[in-house]
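Peer 1: quick one, structure for this:
(2 chains)
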Amino acid sequence: MAEIEKQYYPGKTSVANNRSKHMSNDLEKLREISDEDLTLILGHRSPGSDYPSTHPPLEEMGEPECSIREIVEPTEGAKAGDRIRYAQWVDSMYNAPATPYFRTYHSAINFRAVDPGTLSGRQLVEARERDMEKITKVQLETEMTCPGLAGLRGATVHGHSLRLQEDGVMFDMLDRRRLENGTIVMDKDQQARPIDKKVDLGKPMSEDEAAKRTTIYRADNVPFREDDEVVEWVHRIWEQRTEYGFQPK
Amino acid sequence: MVDKDKERRFKKDLERKFTQEFGDNKQSGGEITDKKTEYQRMGVAQSPRKMEMMKAGQELSKKRGLVGYNPDLHAGGVQLGQRALTPSYLSGTDMLTEMDDLHYVNNAAMQQMWDDIRRNCIVGMDSAHETLEKRLGIEVTPETINHYLEVLNHAIPGGAVVQEHMVETHPGLTEDCYVKLFTGDDDLADEIDDQFLIDIDKEFPEDQAQQLKESIGKTTWQVAHIPTVVSRTTDGGQTRRWMAMQLGMSFINAYHMCAGEAAVADLSYAAKHASVINMGEMLPARRARAENEPGGIPFGHMADIIQTSRAYPDDPAKTALEVVGAGCMLYDQIWLGSYMSGGVGFTQYATAAYTNNILDDNLYYDIEYINDKYNNAAKPGADNKAPATMDVVKDIATESTLYGLENYDRYPTALEDHFGGSQRATVLSAAAGSATSIATGNSNAGLSAWYLSMYLHKEAHGRLGFFGYDLQDQCGAANVFSYQSDEGLPLELRGPNYPNYAMNVGHQGGYAAITSGAHAGRGDAFATNPLIKIAFADDLLPFDFKEPRREFGRGALREFKPAGERSLIIPAE
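Peer 2: Below is the predicted model of the structure:
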């Protein structure tokens, strides 16, 4: 993980503060997920197996002379020749702690060699497999994720904007995880292929806790309209982009 | 001050959609403001249309001995319909439809709207008349024009006019093919047989008719609609070629010209090139499309093709909303959805903007806000407009977007209806952009509001659309006011192939609406081209361009009668 300085975000609300924390990787750890469980739910390889590789370790390859290669230290995954794999998240708009852009900012600012993709209903990170696992583990174990309001979904991601289930869990068409005895268990991997055990993802956040930790503005929690400084900065960006483009000379 | 707590225009729609049973979806009770619901996971059995489709798929498999549609193949055996499959209203109507019926393949009205645009071209008559009179010394009178039009209406569907031993097309297959005429010359109009005339005075409100006639002067134009079946079998470029060929033959017949004389070539050149107005411009080679294909239709042309402004001159919001519907259908569902991508799922990007009155609620709220704050600037008129300044754009776009965002928070069923961020982004920005253009009478001010709305939305939700969607909206503000053609243009002249607009859904119908809003807001008779506005003021067209959303509803309910059917020449079932 790269050493970075604190990232700033305008506004004085809890949402603004949480956005700054996510970008700064200043995250409270809330749960422990074992490496084996992480591997199971990601579904890319069997727990304990070697990382499949697409090329030999870099030190065995005899790299060509290249000043950029001399400057840039490869990540562990790149050194080992790992293949590129992904983790894809869906975060509910009902106060899930993370939002797609802030998951992306978190990985892009704090980790190297990542390729994040940001959509409205999902967010994915592609990276060398072991590097991707590191990022995913941080996101899974910390306040960035509520297991009831977020989920790892490789495909069929529908759910981020839907009303919650009666038990407060975000809908998943493929029923990859559910609330059992007060905790969220996942018995299918990202692609909804059954796995051998029920992985315990921890307790879902209470409504109050999620409202406190979220990075989405909502009229029934922290209204965007009332975070004046953020709105002012959006206006400033819009004005400057517009005026910069209008240069009739 | 505008009452923010008043009943929403989408209330009835969402109550029907989310709190009452439809088909066998076992969904009833609750409020549209509830944040939680029970998911019944009933699969396709809940939907009458899906069951019809499944039965058809099974019959097809049996009949041809080759498998086809099978909902059990979805997601490894998990059928669609784990959440309730719910119907939608066409906005501005009482027509309730299943969403499958708004895919253009399943909707004859949608197909016909596109057919009626593609198979249409406008050809000037004045240069032809000059050729006849000045070069050949042939007298052209209202009587000869009427005769020529009679001949042409025989010839243009495929009837022979001068040659022996010709095959002809069957009138039963080409009933939608005809030519009409319009002119800004009142004296000539009086002399033209009613069956041939698009009467500007009759079709448009008085002030709009005046504007149109002043714009076109005493020129005379013919509007040709080639047969739907021809247009579908060939391409958009065929429209002017087919028109020019039959037109040339008809001149020869009606004016007793020599089939080989050079003047015929002049008439042909005028019809094919010099005096022809295509609905869509030719696209560059990398798109490989001729004229009259959707990617070449500028937003200003789309604004003129839709006829709502002459039927509802006092309601500019209605005009913008109908243009949204038509634009999203053509540009998103057909152009980007099929021509450009080959996808099937583009339908719901588009339908969000013209179903369940969510966009309508946002825009009519904006109209009240504008009239309240800017001294009735949203009412039609040129002298009452708010100034097109950054401050005005900022104010209207911000209020519109925040209102729309708050609706998604207060009405979780609205959020669920617009389940994708691209849908929400289109709707919020279309409202902000159209409202601003109606208030200022300036389409580029509206475009500027569109981009501000996108920024506000992204920042509020921490999400917007998808990669390409967001890219387009992040960089767009920088070219809003650029008028060099490689950097920007007035919105009227931009189109689906404008740089950055060519790649993703959910935008182009909105841009067309913003364009139309500016002119409907000013009380203009047309947005860009008066000839196109007049050409579509014709009730004989199968598709009613005054009410595209209602027509889509008729298509979905299987009440719309399209043209170009082949039942005459195929075995009866």
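Peer 1: what's around residue B:467, how many residues?
Peer 2: 11 (other CB atoms under 10 Å in any protein chain shown). Quick note: C-beta positions are derived from backbone N, CA and C, even for glycine.
Peer 1: go on, residue B:350?
Peer 2: Residue B:350: 29 neighbours (other CB under 10 Å).
Peer 1: pretty sure it sits against residue B:329.
Peer 2: Yes - with contact defined as CB atoms under 8 Å, residue B:350 reaches residue B:329; the gap is 5.9 Å.
Peer 1: from residue B:333, how far off is the spatially most central residue of chain B?
Peer 2: Geometric centre of chain B, nearest residue: residue B:326, 2.8 Å, by CA atoms, centre = their mean. As defined by CB to CB, to the nearest Å, residue B:326 lies at a distance of 11 Å from residue B:333.
Peer 1: swap in residue B:38?
Peer 2: Distance from residue B:38 to residue B:333, by CB to CB: 32 Å.
Peer 1: who has more neighbours out of those two?
Peer 2: Under the criterion of other CB under 10 Å, the comparison of residue B:38 against residue B:333 puts residue B:333 first, with 28 against 13.
Peer 1: check contacts around the more buried one.
Peer 2: Taking CB atoms under 8 Å, 6 or more residues apart in numbering or on different chains as the contact definition, residue B:333 lies against B:103-104, B:110, B:346-347, B:350.
Peer 1: how does it look with 6 Å?
Peer 2: B:104, B:346-347, B:350 (CB atoms under 6 Å, 6 or more residues apart in numbering or on different chains).
Peer 1: and what of residue B:2?
Peer 2: B:368-369, B:372.
Peer 1: wasn't it part of a helix?
Peer 2: No - Residue B:2: not assigned to a helix; according to DSSP: H, G, I helix; E, B strand; the rest coil it is coil.
Peer 1: just give the nearest non-adjacent residue to it, would you?
Peer 2: Spatially, and ignoring its direct neighbours in sequence, residue B:2 is nearest to residue B:368 (4.6 Å; CB to CB, 6 or more residues apart in numbering or on different chains).
Peer 1: which of the helices or strands spans that neighbour?
Peer 2: Element membership of residue B:368, judged by DSSP states H and E, is helix B:358-373.
Peer 1: so which bits of the helix or strand in which residue A:185 is found are buried?
Peer 2: Using DSSP H and E, residue A:185 sits within strand A:183-188. Across strand A:183-188, burial judged by 16 or more other CB atoms under 10 Å in any protein chain shown covers A:184-188.
Peer 1: give me every residue in chain B lying close to chain A.
Peer 2: Contact residues, chain B versus chain A (CB under 6 Å from any CB of the partner chain): B:35-39, B:75, B:78, B:82, B:394, B:402, B:406, B:409, B:412, B:415-416, B:419-421, B:452, B:455-456, B:459-463, B:465-466, B:477-482.
Peer 1: how about the residues of chain A by chain B?
Peer 2: So chain A meets chain B at A:99-102, A:119-120, A:156, A:161-164, A:166, A:171, A:173-174, A:215-220, A:224-225, A:234-235, A:238, A:241-242, A:245-246 (CB under 6 Å from any CB).
Peer 1: in the lowest-mean-pLDDT helix or strand in chain B, what counts as buried?
Peer 2: Within chain B, no helix or strand scores below helix B:467-475, which has a mean of 85 by mean pLDDT, DSSP states H and E. Within helix B:467-475, the residues that count as buried by 16+ other CB under 10 Å are B:469-470, B:472-474.
Peer 1: name the nearest residue to the residue in the stretch 451-573 of chain B that chain A sits nearest to, ignoring sequence neighbours.
Peer 2: For the stretch 451-573 of chain B and chain A, the shortest gap (CB to the nearest CB) falls at residue B:462, measuring 2.6 Å. Closest residue in space to residue B:462, ignoring its immediate chain neighbours: residue A:99 at 2.6 Å, by CB to CB, 6+ apart.
Peer 1: before we move on, the earlier item: show me which of the buried residues of helix B:467-475 is closest to residue A:130.
Peer 2: residue B:470 (29.5 Å; CB to CB).
Peer 1: do you know the pLDDT at residue B:464?
Peer 2: With respect to pLDDT, residue B:464 has a value of 96.
Peer 1: and for it, the neighbour number?
Peer 2: Neighbours around residue B:464, by other CB under 10 Å: 26.
Peer 1: check residue B:274 too.
Peer 2: Residue B:274: 13 neighbours (other CB under 10 Å).
Peer 1: low-confidence ranges, chain B, go.
Peer 2: B:484-487 (pLDDT under 70).
Peer 1: just the strands in it please.
Peer 2: Counting by DSSP state E, chain B has strands at residues B:36-37, B:88-89, B:96-97, B:120-124, B:178-183, B:220-225, B:276-278.
Peer 1: chain A too?
Peer 2: A:84-91, A:115-118, A:123-128, A:150-152, A:164-165, A:177-180, A:183-188, A:194-202.
Peer 1: in the stretch 351-500 of chain B, what residue comes closest to chain A?
Peer 2: residue B:421 (2.2 Å).
Peer 1: thought that residue was touching residue A:122?
Peer 2: No - assessed by CB atoms under 6 Å, residue B:421 is found out of contact with residue A:122, at 10.0 Å.
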